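Trainee: take a look and give me a structure for this.
(chains A, B, C and D)
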Number of protein chains: 2
Amino acid sequence: MARPRMFDEERALDAAMHAFWENGYEATSTQDLCTATGLGRSSIYNTFASKHDLFTRSLTRYIERMTADQMAILEDAEQAPLDRIRTLFARTVDTEAGTRKDGHSRGCLTVNTTVEFAGRDPEAARLVERDLDVRLAALRSVIAAGQTDGSITSKRPPEELARFLNTVVGGMRVAGQGGADRATLDATAQITLDALTN
Amino acid sequence: MARPRMFDEERALDAAMHAFWENGYEATSTQDLCTATGLGRSSIYNTFASKHDLFTRSLTRYIERMTADQMAILEDAEQAPLDRIRTLFARTVDTEAGTRKDGHSRGCLTVNTTVEFAGRDPEAARLVERDLDVRLAALRSVIAAGQTDGSITSKRPPEELARFLNTVVGGMRVAGQGGADRATLDATAQITLDALTN
DNA sequence: CTGATTTTGTACTGACCCATCCAAAATAAA
DNA sequence: TTTATTTTGGATGGGTCAGTACAAAATCAG
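Mentor: Okay, here's the model as predicted:
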């Protein structure tokens, strides 16, 4: 029927996602996106409606992946509830501990978007907010389970503890972006976990 | 001798700072800065070397103000060490609890800069890093004092606890930018304080 | 009032921005 | 092979970007 695509859309989306992740929305030009994906302008605009559309699809992809990853950890029935949270923080430390050469990490696209866009772009804000709800629900659930089995001794409502944990994770992303090393992040994670079991 | 300035440089710097704070570096155009300050391009470029220079001076101003404010709290001899930390978190909640109409806050220019710039602009990274050192030192000091007088029962090294507190504060800034309300931020602050006294 | 000096408003620069247009290339059905 | 359909590269468009040039305006010492 027609000329077939010379590129893999998923792969292109991945490349665009990384570009936005690294430099943010505003600092990433359409030319940067062409270079990152290896595509020409036509291919990009033929596949995605606009730079903004490409961004929201990149963000959606990022959220799906990251949240799926977190869900797998938080809903892993083989681990005790508290251990799942421990694993979640270990994962956070791993991804934030000096990913790049200069010792800084790329942080988290969700956090980055919240900071750069939350107040200005309703669609991005919606995506981030919806993701927050999902992650908080999973955290609440595992916290409640931990309180039931006694591994979490804090008597605070799961909702509050979930928000607390999510806030610390967000703070660790920022700290990683600011150059915090593994030992520092590990210590913060440990103190946070201790707060659940005091 | 010559024609005098028609504007107050401090006031202009303040306006520019708020513009960068609200929208970030990239999304703030020089035209935006003219509008925000009420100055013409000539006046801006006659006073500041470049957009980048204006940004670093805005950031420096922000850091000086905010850190002076935090220092006043953390070094207030009239309050017990733990109470100073309590006050610090109360202040953080106040500034992050729905500053704007849409329920989101502007966050913190330091955090915003870390996220938007840390990996790309060495000068901004330097300013932010130096500020981090100052704030951590003050936190370490008050934590050590709290451990000495017994109001802080955690046996963790002050360095680790200081990093932890700073990380939570950063996370709360992001949460505020994401729309967290006062009650949520208050609960997070309370859990964090409890972690020092368990 | 004159002249030296600085600020100011306006117009302008070249580069880059995001997006579109269009024709050549590539495919597969007819 | 022809035809319909889609992708692709390259050129192009209008607009905005950060920054500059320049002359008019404003001051004050002399």
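Trainee: and residue A:74, how far from residue A:64?
Mentor: 16 Å (CB to CB, to the nearest Å). For the C-beta atoms, the positions are set from N, CA and C on the backbone; glycine is no exception.
Trainee: report the contact partners of residue A:164.
Mentor: Shown in contact with residue A:164 (CB atoms under 8 Å, 6 or more residues apart in numbering or on different chains): A:156, A:195, B:187, B:188, B:191, B:192.
Trainee: for DNA strand D, state which of the residues you listed is nearest.
Mentor: Relative to DNA strand D, the closest of those is residue B:188; by CB to the nearest atom of the strand it sits at 35.7 Å.
Trainee: what about the closest one, how many neighbours?
Mentor: 26 (other CB atoms under 10 Å in any protein chain shown).
Trainee: around DNA strand C, which positions in chain A sit nearby?
Mentor: The interface of chain A toward DNA strand C, taken as CB under 7 Å from any atom of the strand, is made up of A:1-4, A:28-32, A:41-42, A:45, A:50-52.
Trainee: repeat that for 6 Å
Mentor: Within reach of DNA strand C by CB under 6 Å from any atom of the strand, chain A has these residues: A:1-4, A:29-31, A:41-42, A:45, A:50-52.
Trainee: could the residues you listed go into JSON lines alongside secondary structure and distance to residue A:16?
Mentor: Below are the residues of chain A next to DNA strand C laid out as JSON lines (DSSP: H, G, I helix; E, B strand; the rest coil; distance: CB to CB, whole Å):
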{"residue": "A:1", "secondary structure": "coil", "distance to residue A:16": "27"}
{"residue": "A:2", "secondary structure": "coil", "distance to residue A:16": "24"}
{"residue": "A:3", "secondary structure": "coil", "distance to residue A:16": "22"}
{"residue": "A:4", "secondary structure": "coil", "distance to residue A:16": "21"}
{"residue": "A:29", "secondary structure": "coil", "distance to residue A:16": "12"}
{"residue": "A:30", "secondary structure": "helix", "distance to residue A:16": "10"}
{"residue": "A:31", "secondary structure": "helix", "distance to residue A:16": "13"}
{"residue": "A:41", "secondary structure": "helix", "distance to residue A:16": "13"}
{"residue": "A:42", "secondary structure": "helix", "distance to residue A:16": "16"}
{"residue": "A:45", "secondary structure": "helix", "distance to residue A:16": "13"}
{"residue": "A:50", "secondary structure": "coil", "distance to residue A:16": "12"}
{"residue": "A:51", "secondary structure": "helix", "distance to residue A:16": "9"}
{"residue": "A:52", "secondary structure": "helix", "distance to residue A:16": "12"}
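Trainee: hmm, which of these are the buried ones?
Mentor: residue A:51 (16 or more other CB atoms under 10 Å in any protein chain shown).
Trainee: so where's chain A uncertain?
Mentor: A:98 (pLDDT under 70).
Trainee: hmm, back to that, tell me which two of the residues of chain A next to DNA strand C sit farthest apart.
Mentor: A:1 and A:29 (34.1 Å; CB to CB).
Trainee: next helix or strand past the helix ranked longest in chain A?
Mentor: With secondary structure taken from DSSP state H, chain A has its longest helix at helix A:122-149. Counting by DSSP states H and E, the element after helix A:122-149 in chain order, helix or strand, is helix A:158-177.
Trainee: so that next one versus helix B:122-149, what angle?
Mentor: 130 degrees (axes from the mean of the first three to the mean of the last three CA atoms, to 10 degrees).
Trainee: just the buried residues of the helix or strand following helix A:158-177, please?
Mentor: Sequence-wise, the next helix or strand downstream of helix A:158-177 (DSSP H and E) is helix A:182-197. Within helix A:182-197, the residues that count as buried by 16+ other CB under 10 Å are A:184, A:185, A:186, A:187, A:188, A:189, A:190, A:191, A:192, A:193, A:195, A:196.
Trainee: just stretch A:75-86 next, same as before
Mentor: Using 16+ other CB under 10 Å as the test for burial, stretch A:75-86 gives A:80, A:81, A:82, A:84, A:85, A:86.
Trainee: in contact with the second one, which residues?
Mentor: For residue A:81, the residues meeting the contact criterion (CB under 8 Å, 6+ apart) are A:142, A:143, A:145, A:146, A:149, A:151, A:152.
Trainee: then the fourth one?
Mentor: For residue A:84, the set of contacting residues under the criterion of CB under 8 Å, 6+ apart consists of A:73, A:74, A:75, A:76, A:142.
Trainee: please redo it, this time with the cut-off set to 10 Å
Mentor: A:70, A:72-78, A:138-139, A:142-143, A:145-146, A:151 (CB atoms under 10 Å, 6 or more residues apart in numbering or on different chains).
Trainee: residue A:47 contacts residue A:9, correct?
Mentor: Yes - between residue A:47 and residue A:9 there is a contact at 6.2 Å, judged by CB atoms under 10 Å.
Trainee: what's the overlap in contacts for the two?
Mentor: With CB under 10 Å, 6+ apart as the test, residue A:47 and residue A:9 both reach A:37, A:39, A:57.
Trainee: okay, those residues in a markdown table with distance to residue A:132 and neighbour count next?
Mentor: What follows is the shared contacts of residue A:47 and residue A:9, written out as a markdown table (distance: CB to CB, whole Å; neighbours: other CB atoms under 10 Å in any protein chain shown):
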| residue | distance to residue A:132 | neighbour count |
| --- | --- | --- |
| A:37 | 29 | 22 |
| A:39 | 32 | 23 |
| A:57 | 19 | 17 |
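Trainee: which two in the buried residues of helix A:182-197 are spaced the farthest apart?
Mentor: A:184 and A:196 (20.1 Å).
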